[in-house]
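1. Model the structure of this input:
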Amino acid sequence: MTDLTTHYLGLTLKNPIVASASPLTKKIDSAKKLEQAGVGAMVMYSLFEEQIIHESLELDHYLTRGTESFAEATSYLPDSGTYAMGPGKYLDHLSAVKKAVSVPVIASLNGVSKGGWTRYARHMQDAGADALELNLYYIATDPALTAAELENTYVELVADVKNSVTIPLAVKLSPFITALPNFATRLVQAGADGLVLFNRFYQPDFDLENLEVTHTLHLSSSDELNLPLRWISILHGNIHADFALTSGVHTGQDALKVMMAGAKVTMLASELLANGYGRVADMLGVMQSWMEQHEYTSIQQMQGAMSQKSVREPAAFERANYMRVLSSWKSLP
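-> Just a heads-up that it's a prediction; the model follows:
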């Protein structure tokens, strides 16, 4: 029997398939189904900085408004509005999920600025989170903001959050970084124990009939796997951090590639949302069968086996292979 055990962020997981942040952890029942399906761990849906700011502003507003009125005035209660699941409810739910399942639960915090809100990292730890994933989801639209300034902000943020907790910290990155290896190194030096590659930015679309900007969720496909696969292959062995790959993992073969690149875990959400919890067992079955056929006794044995440092042609991950790819294309007759 092959050993599917892996180690991620100091945690021992029974297998490398991790349910990434998604609506599937918003209910206790679906979190239990994820565990029953066989995932090695799960990442909670994200608590956004905007939600924390919203709650703080709301609290300040209602504490300072109408101080001479009756305390029982129910009209002073905040409207549920956009952020129905505020920080308090998030922490309560995190604690409940942690008590309901036995696999590691990783909390997710989405923010880009330093400040008092980092106390929620400690609150997540106190709620029982086994680790924390800091999701750096931000679109830089200000022409005056330089790449160096933004990266410095990120690094300071990671250091700030790391100083707030004792549990392991992973950082979920965007692929839109000019010098990714250097930036990744700085994040690890600031305290990141792991790096999650890559964040998927949800792009707006246009409604031509109503002349409105629309927001549509497009699930990933296996075609998106190559970008994070390439970068984990390059970074493996050069940066001392645990890597997780997210975006584009839909099959057992995809997950095997992720392990070969050098990741400790493979994260998935789109495949579960599209095709159900049973896909976890299907993927694990494919992985185990392939490993037995190719005489791999453990996941750890294969991790990094096809990273840039391990393959016979390291240039395959770089521009040197660009012309060869173009020349291999056969035009139509």
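2. Which helix or strand in the protein has the lowest average pLDDT?
-> In the chain, the helix or strand scored least confidently by mean pLDDT, DSSP states H and E is helix 49-64, which has a mean of 46.
3. Following element in sequence after that one, please.
-> As assigned by DSSP states H and E, the chain's next helix or strand after helix 49-64 is helix 87-100.
4. For that next one, buried residues please.
-> Buried residues in helix 87-100, counted by 16 or more other C-beta atoms under 10 Å: P87, Y90, L91, H93, L94, S95, V97, K98. Glycine gets a C-beta too; all of them are placed from N, C-alpha and C.
5. Tell me which residues touch the fifth one, please.
-> The contact partners of L94, by C-beta atoms under 8 Å, 6 or more residues apart in numbering, come to M44, V105, A107, M124, A127, G128, A129.
6. Mind putting the buried residues of helix 87-100 into JSON lines with distance to D223?
-> As requested, these are exported to JSON lines (distance: C-beta to C-beta, whole Å):
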{"residue": "P87", "distance to D223": "36"}
{"residue": "Y90", "distance to D223": "33"}
{"residue": "L91", "distance to D223": "37"}
{"residue": "H93", "distance to D223": "34"}
{"residue": "L94", "distance to D223": "33"}
{"residue": "S95", "distance to D223": "38"}
{"residue": "V97", "distance to D223": "32"}
{"residue": "K98", "distance to D223": "35"}
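7. Out of these, the closest to G252 would be?
-> G252 has its nearest neighbour among the buried residues of helix 87-100 in V97, at 26.6 Å by C-beta to C-beta.
8. Distance of that closest one relative to G88?
-> Computed as C-beta to C-beta, to the nearest Å, the V97 to G88 distance reads 15 Å.
9. which pair in the contacts of L94 spans the largest distance?
-> M44 and G128 (10.8 Å).
10. anything in contact with each of these two?
-> L94, V105.
11. Which of the two has more residues huddled nearby?
-> Comparing M44 with G128 by other C-beta atoms under 10 Å, the one with more neighbours is M44, at 27 against 16.
12. Look up how far L187 lies from the more buried one.
-> 21 Å.
13. S220 now?
-> From S220 across to L187, the span is 24 Å (C-beta to C-beta).
14. Can you list the residue ranges for helices in this structure?
-> For the chain, the helices defined by DSSP state H cover 28-37, 49-64, 87-100, 119-126, 147-162, 180-190, 226-235, 252-261, 270-275, 279-293, 299-302, 322-327.
15. For those, which has the smallest mean pLDDT value?
-> With a mean of 46, helix 49-64 has the lowest mean pLDDT of the helices of the chain.
16. so what pLDDT did the nearest residue to G237 once chain neighbours are set aside get?
-> Counting by C-beta to C-beta, 6 or more residues apart in numbering, G237 lies nearest to K309, which is 4.6 Å off, once chain neighbours are set aside. What the model reports for K309 is a pLDDT of 84.
17. Equivalent analysis for V112, please.
-> So V112 comes in at 60 (pLDDT).
18. What of the one 4 residues further on?
-> Reading off the confidence values, G116 has pLDDT 53.
19. for the chain, which residue is closest to the average position?
-> K172 (5.0 Å; C-alpha atoms, centre = their mean).
20. Report the separation between it and L132.
-> Taken as C-beta to C-beta, the span from K172 to L132 is 11 Å.
21. Now list whatever residues contact both of these two.
-> Counting by C-beta under 8 Å, 6+ apart, the residues touching both K172 and L132 are S108.
22. which residues sit in contact with the nearest residue to G285 once chain neighbours are set aside?
-> Distances taken as C-beta to C-beta, 6+ apart place G252 nearest to G285, at 7.0 Å, with adjacent residues excluded. Applying C-beta under 8 Å, 6+ apart to G252 gives the contacts D282, M283, L284, G285, V286, M287, W290.
23. Show me which of the residues you listed are buried.
-> D282, M283, L284, V286, M287, W290.
24. who's in contact with stretch 25-39?
-> Residues outside stretch 25-39 that contact it (C-beta under 8 Å, 6+ apart) are 15, 17-19, 23-24, 42-45, 85, 93, 96-97, 100-103, 272, 277-281, 284.
25. hmm, try it at 6 Å
-> Outside stretch 25-39, the residues that touch it by C-beta atoms under 6 Å, 6 or more residues apart in numbering are 17, 19, 24, 42, 44-45, 96-97, 100-101, 103, 277, 280-281.
26. Got a quick PyMOL command for the buried subset of these?
-> Only the buried members of the contacts of stretch 25-39 end up in this PyMOL selection, burial being decided by 16+ other C-beta under 10 Å:
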select buried, resi 17+19+24+42+44+45+97+101+103+277+280
